[in-house]
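S.K.: Everything below, folded, please.
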Amino acid sequence: MSKELEIFKKHLGEVKAQGEFDAKQVCTQINDANDFIGALQVLDLSLKKIEQNLKARIDEDLSQEQKRGFDAQTSQLIQNSSFMGNSLFDNSFSIGVSGQSFAFEIQNPLLVLEKSDYKGVLAYIEDKREEIENLLLDLATAISLGTPSNNFLGANDFDFKGLFR
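M.R.: Prediction:
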């Protein structure tokens with residue numbers, strides 16, 4: 001066993017002792033990525049519900065009372081949208097994964113009404129949902145390409161020294 005360790009040291013340099021491995025940092029990174037993904041998924045679901053509510057609200061056949069009811073429901077959805085106790089709207093989220101930074105920012109969609117109508121709000125929601133979808137795809141790619149197990153399978157130029165730092 002000692003001979004194998006000496007060969008590793010010769011080719012890879014000094015390696016941290018087994019007790020010095022910083023598992024907490026790895027777990028924290030995974031937790032943060034999972035939290036980021038979870039927040040985006042909950043936000044997408046909330047946006048979908050708000051979008052459905054607003055589409056029903058812009059129906060011409062509704063009375064003013066029914067429209068106010070949809071407005072109240074939409075406002076309630078926005079106020080109650082949270083993940084792990086944090087409000088999802090009027091917030092920004094960011095994470096670093098595999099050397100890449102991912103960020104997402106969203107405001108209360110009803111603030112769009114100050115400059116536009118309900119169709120503008122729907123356009124904002126559709127844009128944000130598409131942005132979430134693309135961000136989740138990019139994040140999944142970064143996670144899958146950044147894992148050492150995937151790098152072992154096909155990469156001949158994998159930096160094994162970096163694995164032990």
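
S.K.: Next, residue 96: secondary structure please.
M.R.: Under DSSP: H, G, I helix; E, B strand; the rest coil, the three-state class of residue 96 is strand.

S.K.: ok, it - contacts?
M.R.: The contact partners of residue 96, taken as CB atoms under 8 Å, 6 or more residues apart in numbering, are residue 102. Heads up, the C-betas are built off the backbone N, CA and C, glycines and all.

S.K.: and if we set it to 10 Å?
M.R.: Neighbour list for residue 96: 29, 32, 33, 36, 102, 103, 142 [criterion: CB atoms under 10 Å, 6 or more residues apart in numbering].

S.K.: And the closest residue in space to the fourth one that isn't next to it in sequence, how far from residue 136?
M.R.: Distances taken as CB to CB, 6 or more residues apart in numbering put residue 95 closest to residue 36, at 4.2 Å, once the chain neighbours are dropped. Distance from residue 95 to residue 136, counting by CB to CB, to the nearest Å: 12 Å.

S.K.: now do residue 122
M.R.: 21 Å.

S.K.: I figured residue 101 was touching residue 135, is that so?
M.R.: No. With contacts counted by CB atoms under 10 Å, residue 101 stays clear of residue 135, the gap being 11.4 Å.

S.K.: Enumerate the helices of this protein by residue range, in sequence order.
M.R.: Ranges of helices in the chain, per DSSP state H, are 2-12, 23-57, 64-80, 118-146, 148-154, 160-163.

S.K.: that older thread, lowest-confidence one in the contacts of residue 96?
M.R.: Within the contacts of residue 96, residue 29 has the lowest pLDDT, namely 44.

S.K.: returning to what we had before: between residue 101 and residue 135, which is the more surrounded one?
M.R.: Between residue 101 and residue 135, counting by other CB atoms under 10 Å, residue 135 is the more crowded of the two (19 against 9).

S.K.: Where does pLDDT dip in the protein?
M.R.: 1-31, 147-165 (pLDDT under 70).

S.K.: go with 80
M.R.: 1-32, 59-62, 98, 146-165 (pLDDT under 80).

S.K.: buried residues in stretch 123-141?
M.R.: The neighbour-count check on stretch 123-141 (16 or more other CB atoms under 10 Å) flags 124, 125, 128, 129, 132, 135, 136, 139 as buried.
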